[in-house]
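*Asks:* Provide a 3D model corresponding to the input given below.
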Amino acid sequence: MIALVAPEDHETPWIAVEIVAYVCVLIPLKFWADRYAVRSASVLGRRCETRIPMLVLALLLVLVVSVASGFFAEWLFWPGIPELGWIDAPESFTWEFISTVLLAPVVEELVFRFAFLQKWSAKYGFNRAAFFSSLLFGVGHGPGLIGATFFGLMMCALYSRSKTLWMPILCHAMWNAFIIDITAPLVGGSGAENDMSAKEPSLTLALIGLGILLAVAVATIWYFRRAKLVLPRVDDQP
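*Replies:* Predicted coordinates:
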């Protein structure tokens, strides 16, 4: 989900504004698709077939990268680690679930893996388009830049291999649900002041995380060059 900062006392209405913003993004996106004659079949696929092994592998890679980038980012940005105060308010949690799990995966995948990837692939080729669209996706996630950029690259690869945007959308939704249903409550606590930021992060864990990120980066570059990924076309749809 795109990182937005709001006052703690007004978290719920701010998330409502965020939801409206997501919906509004779909309007210019529809005009863009009509202008460039981009057909939905070339993006969403003729049929939605869930490829379990591919989905599980993508989620595992996202988990590894997320943990590694979390260790490194925690050390890099300490002590300015944002607290997850919204999880203590049930109403805010409901709004956050709607925004993060239901809307964000659809809108963000359409914007970054549909609009930007389609547009830039025609000019720069798939690999460069995947990198720049994923980097832009990462920038929109603030301190989560590193993990989100890797996540974007994985979604580009998943889209190309599965030949349907439904797979990245499903993976994105499952990951966001995991974040707010499991990870966030563990990190945020239950009303008590979060004292995690008071502990100086481990330099050893940060270096391990950085090493994993570098290894994943090398593997990602190797894979993108070797796999010769391309945008799915209507004729390629299952």
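
*Asks:* in what helix or strand does the nearest residue to Leu55 once chain neighbours are set aside lie?
*Replies:* For Leu55, ignoring the flanking residues on the chain, the nearest one in space by C-beta to C-beta, 6 or more residues apart in numbering is Cys171 at 5.8 Å. Bear in mind the C-beta positions are built from the backbone N, C-alpha and C, glycine included. According to DSSP states H and E, Cys171 maps onto helix 166-178.

*Asks:* got the buried residues for that helix?
*Replies:* 166-176, 178 (16 or more other C-beta atoms under 10 Å).

*Asks:* which secondary structure element of this protein has the lowest mean pLDDT?
*Replies:* helix 184-188 (a mean of 51; mean pLDDT, DSSP states H and E).

*Asks:* and the residue nearest to Leu55, what does it touch?
*Replies:* 55, 58-59, 62, 155, 158 (C-beta atoms under 8 Å, 6 or more residues apart in numbering).

*Asks:* could you measure it against Leu205, distance?
*Replies:* 26 Å (C-beta to C-beta, to the nearest Å).

*Asks:* kindly report the same for Leu57.
*Replies:* According to C-beta to C-beta, Leu57 and Leu205 sit 25 Å apart.

*Asks:* over to Leu158?
*Replies:* For Leu158, the distance to Leu205 - C-beta to C-beta - is 28 Å.

*Asks:* between the two, who's got more neighbours?
*Replies:* Leu158 (26 against 16; other C-beta atoms under 10 Å).

*Asks:* need the pLDDT of Ser202.
*Replies:* You'll see Ser202 listed with a pLDDT of 85.

*Asks:* does it touch Gly70 like I think?
*Replies:* No. With contact defined as C-beta atoms under 8 Å, Ser202 and Gly70 do not form a contacting pair (11.9 Å).
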